[in-house]
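Asks: Turn this into a model:
(2 chains)
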Amino acid sequence: MFLKVDSLVKKYMSGETEFLALNDVSFGMEKGEIGVVLGPSGSGKSTLMNIVGGLENATSGSVKIEENEIAQLNSKALSSYRRSFVGFVFQFYNLIPNLTIRENIEICAHLGKEPLDIDQLIQKVGLEGQATKFPSQLSGGQQQRVAIARALVKNPKLLLCDEPTGALDYKTSKEVLNLFEEINQNFHTTIVMITHNDALQNMAHRIIKIKDGQIKSNKINEHRLPAHDIVW
Amino acid sequence: MVRELKHNLLKNISFVLLIALSIMIIIGFNRSMDIYIATANQLYADYNVEDGQFSIYGSLTKKQEVSMERRFKVVIEENKSIDYALDTTQKAKKESGKDRILRTICSDKDINKPALILGAQLKSEMDVMLDPKFAIANHYAIGDDIIIRDNTFHIVGYGISPDYVYTLKNASDFLNSPETFGVAYVTEKGFEKIDNNEAQSTLYSYQSQDGNILRLKDYLEDHTTLLDFREKDDNSRIKAIFDDANGPKQIATVMGVLLVIIVAFILSISIKNTIRSESQTIGILYAQGFNAKELMGYYMLLPALLVLLGALSGYGGGMLISRPLILMQEAQYSIPFVKLIDSWGLIAVGIVFPMLITLGITFSSLSKALNKTPLSLLHGSHSNNNVSKIEKFFTFKGTNFFTRFRLKDMIRERGSMIALLFGVLLSMMILSTAIYIKDSCQKYVDDLEKNVPFKYLYTFTQQKDLSKYSKKGELSALKNVKINFKEDKKSLVVQGIKPKSEFFNMPLLDELKTNETIASPSLLLKFNLHIGDQLILIDDLDNKEYNVVIKGTATYDYGQYLYTNIKTFNHIFKLHEESYNALVTNQSLDVKEEKLSSLTNKDEMINGVTNLLNMISVMSGILVVVSIVVLMIVIYMLMQMIIDKAKVNISMVKIFGYTPSEVSKLYLRGNFIILVIGFVFAVPAGYSITKGLYGNIMANMQQYISPYIKPVSVLLAFIIMTLGYWGTCFLLKRNLNRVLLTEALKNRE
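Replies: Below is the predicted model:
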């Protein structure tokens, strides 16, 4: 198993009240899979992504990436983990406004031991000729492509996407999803997508449903659809 | 608002501190100097200060006095005094080993009446009132006895007359020396006991009723041998207290005002950032029905509170520091009282001015920001992605990524960078001025040994008195003249030196031709003169003018002097070829004070300047501390605002996996260059400020301290600045490390 989550628990303190965000979550993913984590607001999917992405520690349990345990690492080790293993794509792109497209990608290129070629990546995400433009000069979909390229440039083993199409219209969303599919096919990057859009499960290799901090189902998608065939 | 205050506690404290510091400087210096100016004015009014004085060979008859008073609408009064070298057996001389001159003045007069500072008024003929500085320096207490000319006087009190507030031996002297010169006041009968009636000249004080002094002076020139005519504005004993007050006051006011403006600018940047980050909240409030006025009131409240707090603290602090500043002045001057004044003007400057400036700028920023539609405000946090033309223009191609990132960020935050540059420049100007002031004074003291090639320079009132001492030194000639400088007349001395002088080693002297002179370096600097300049020397006494040219720079510097050979000197002033009136010597001569028009004593000069240096060192130290505090606060505030604005981006790069040192490299590196730029400009600025300050203080003195800074002091200043910067960076790095990863994760639905 490329990613193995075992009995993961995450508790938060809210004043004097203890809140259980994740309650004994276990699942696994193979290398090169596209996994979609579905759940309503407050289900714990973002917390799960945070822990798997090395943004915070678990209260208890285990998270292994290629047999490397990450659930209880200190902040320095987590930073090193994120640098080497993980790429992030967020709902609202979070590009740096005064850097060009090329520079926004370059900011992550320094982190990879063997980063991908920036210009080829720009071409791959369909932004050829836009390298010297600034984020404000691009559409939402184009900005998300830049965010994807930025996440990919350091050649991460795991790509974590938090509502990647949440801020996009239907047409643009489909384009972005097509891109994820291409990336998965070309780079064999394991992709985990957190979303509350049910339709996205159709393009996944694995569908994980989460509710109230617990895994409700974890199954292989026997009837995958290409991204361009998904409708919602 | 309390939450907002606590949330950015350090930033808010920094605002308050900077405002307080700037107001404290303005109020402290203005109040203390205003008090001194008011005190001097009150003293001069209450004790009838002279409008001027003149001395003539011989004396006026009573008839002449009355006639002159009527004709020229003046009041003339003889200023009876006698200089006496205190007996060597008397106490303090044994301890100090220095000669002490006590000028005993007849107190029965209407002009320049002595004011009692401590003790009792003169009653009997054997009562004496001493000037307090001399008394304390020489351990004379009230109740002690003092022998003046074999007469035992009883010290009943300490006092001073307005014409000796700055107790100089000669009106054109530079520094007082309480250990070696002081004044004493006795009754008329007491004066008769010590008066030897050998005075060849008489000093008179006058008060003019119509201000028309020229006619009086012309009359004296025509009907007497006028030795000296000096209006009170030319008399350092009277004027120095004002000159000393105005210079520091002006500089402190300018620096304080500049600091307030910089703080106002920083505040406006902070407000803009706050509005930007809270634009959605504001948009929601607008949508709910709040109006601009209500929101304006809310957003103005915290800045108003901070500025008011800072202004009140600064005002209080200024009142506090004005006390030691007053005491510093008290160390220099003898005054019977201190007239405490508090003007509405100071309250306006200290409280109203910073409120108006900062809140005016805040109001303007807020108005612009709140003028937007609710919808555009709702979209605010996402619409801060615009890139200006200047940002598009500067691509910084060819630089490495980190450098490019930093430079681009500095362009984006150019408002903050400009404020940082000005803040750094101001603080470094204060630092360099502090060091310049001290180093200049130190150099002056250190160089006095080589700059004064003699121990004594005696200038006689009459050449015939000089002949008795001619073999005890080298004959010379001196003449006091004036030049026009910035619509005012300034004093200097021309000295004629014998060929092959044993004291003066200036080969150029012997080559000087008609009307050619060489100038002391301080003369050139004080009056912006250069080699080749032609000067018109004005002899106020004889109403004549003489043209000279500056041919070189002298190797000696003990005042505002033009040197020439004795032949040229006598030619310029149309005197006999072998005309001398001064003696340069290394021996102390037993000469009656009344035979001398001036005496330059090297040891007294060194002593006086050393006392000044001690005072200046304290002031310099305070200014160094102030400069570093200002530097650290300005850097901290501005960089913290930039960090706050870039929180999401900082969080993002941490999510990507950037280490803390890499994050520091992205967001903090590069500011040091701004400090270096500020430092580079501040050093020459410090020179100019010091030049102006010393020029102001010594405007009417025949002395000038050239601004100077040791190379090692420049290095030290740079190190101090760097340490201050590193200290601030340490705090900023800590704040960078505290930016949570979750900042970037907040933008989620």
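Asks: So for chain A, the centremost residue is which one?
Replies: residue A:160 (1.4 Å; CA atoms, centre = their mean).
Asks: Quick one: residues contacting the residue nearest to that residue when sequence neighbours are not counted.
Replies: The spatial neighbour of residue A:160 that comes closest, neighbours along the chain excluded (CB to CB, 6 or more residues apart in numbering or on different chains), is residue A:53 at 4.7 Å. Every C-beta, even on glycine, is put in place using the N, C-alpha and C of the backbone. Going by CB atoms under 8 Å, 6 or more residues apart in numbering or on different chains, residue A:53 touches A:82, A:86, A:88, A:158, A:160, B:655.
Asks: Could you pick out which of those are located in helices?
Replies: Among the contacts of residue A:53, the residues falling in helices (DSSP state H) are A:82, B:655.
Asks: Show me the one in the contacts of residue A:53 that has more neighbours than the rest.
Replies: residue A:160 (27 neighbours; other CB atoms under 10 Å in any protein chain shown).
Asks: Surely that residue touches residue A:85?
Replies: No. Assessed by CB atoms under 8 Å, residue A:160 is found out of contact with residue A:85, at 10.1 Å.
Asks: Need the residues touching each of the two.
Replies: Common contact partners of residue A:160 and residue A:85 (CB under 8 Å, 6+ apart): none.
Asks: Report the beta-bridge partner residues of residue B:52.
Replies: Note on residue B:52: beta-bridge partners residue B:206, residue B:231, judged by DSSP bridges.
Asks: Now the closest residue to chain A within the stretch 551-700 of chain B: closest residue in space that isn't a chain neighbour?
Replies: Ranked by CB to the nearest CB, the top residue of the stretch 551-700 of chain B for proximity to chain A is residue B:657, at 2.6 Å. Leaving aside its sequence neighbours, residue B:657 sits nearest to residue A:83 (CB to CB, 6+ apart; 2.6 Å).
Asks: For burial, what's the neighbour tally of that neighbour?
Replies: As a burial measure, residue A:83 scores 21 neighbours (other CB under 10 Å).
Asks: Model confidence at it, what's the number?
Replies: Looking at residue A:83, its pLDDT reads 91.
Asks: Enumerate the residues of chain B near chain A.
Replies: Chain B comes close to chain A at residues B:382, B:384-387, B:391-392, B:395, B:401, B:404-405, B:408-409, B:411-412, B:648-649, B:652-659, B:741-742, B:744-745, B:747-749, as judged by CB under 8 Å from any CB of the partner chain.
Asks: about what we covered before: return the closest of the contacts of residue A:53 with respect to residue A:131.
Replies: Nearest to residue A:131 out of these is residue A:88 (CB to CB; 21.6 Å).
Asks: got any ranges where chain B has weak pLDDT?
Replies: Where chain B drops to pLDDT under 70, the residues are B:1, B:4, B:87-99, B:172, B:379-384, B:593-594, B:700, B:747-749.
Asks: Quick one: the helices in the stretch 401-550 of chain B, in order.
Replies: Secondary structure of the stretch 401-550 of chain B (DSSP state H, counting those that start in this stretch): helices at B:401-412, B:414-451, B:463-466, B:507-511, B:521-526.
Asks: Point me to the residue of chain A nearest chain B.
Replies: For chain A, CB to the nearest CB, closest residue to chain B: residue A:83, 2.6 Å.
Asks: OK, contacts around residue B:422?
Replies: B:258, B:262, B:265.
Asks: again, only using 6 Å
Replies: Residues near residue B:422 by CB atoms under 6 Å, 6 or more residues apart in numbering or on different chains: residue B:262.
Asks: ditto for residue B:262
Replies: Residues near residue B:262 by CB under 6 Å, 6+ apart: B:422, B:423.
Asks: Mind doing that once more with 10 Å?
Replies: By CB atoms under 10 Å, 6 or more residues apart in numbering or on different chains, the contact list for residue B:262 reads B:18, B:22, B:418-427, B:630, B:634, B:637-638.
Asks: returning to what we had before: of the contacts of residue A:53, closest to residue A:140?
Replies: Distance to residue A:140 across those (CB to CB) is lowest for residue A:88, with 17.7 Å.
Asks: if I look at that closest one, how far off is residue A:156?
Replies: Residue A:88 sits 9 Å away from residue A:156, going by CB to CB, to the nearest Å.
Asks: anything in contact with each of those two?
Replies: Contact with both residue A:88 and residue A:156 is made by residues A:82, A:108, B:657, according to CB under 10 Å, 6+ apart.
Asks: Need the residues you listed in JSON lines (columns: distance to residue A:61).
Replies: Listed next are the shared contacts of residue A:88 and residue A:156 as JSON lines, based on distance: CB to CB, whole Å:
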{"residue": "A:82", "distance to residue A:61": "19"}
{"residue": "A:108", "distance to residue A:61": "29"}
{"residue": "B:657", "distance to residue A:61": "23"}
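Asks: Residue B:592: which of those is nearest?
Replies: residue B:657 (90.8 Å).
Asks: So that closest one versus residue A:172, what's the distance?
Replies: Distance, residue B:657 to residue A:172, using CB to CB: 28 Å.
Asks: more crowded one of the two?
Replies: For the pair residue B:657 and residue A:172, the greater number of neighbours falls to residue B:657 (25 against 18), based on other CB under 10 Å.
Asks: Next, the more buried one: phi, psi?
Replies: Backbone torsions of residue B:657, given as degrees, to the nearest 10, read phi 120, psi 10.
Asks: How is residue B:59 assigned, secondary-structure-wise?
Replies: Following DSSP: H, G, I helix; E, B strand; the rest coil, we place residue B:59 in the coil state.
Asks: The residue nearest to residue B:406 when sequence neighbours are not counted - how many residues pack around it?
Replies: In this structure, residue B:406 finds its nearest non-sequential neighbour in residue B:670, 4.0 Å apart by CB to CB, 6+ apart. Residue B:670 has 17 neighbouring residues, counting by other CB under 10 Å.
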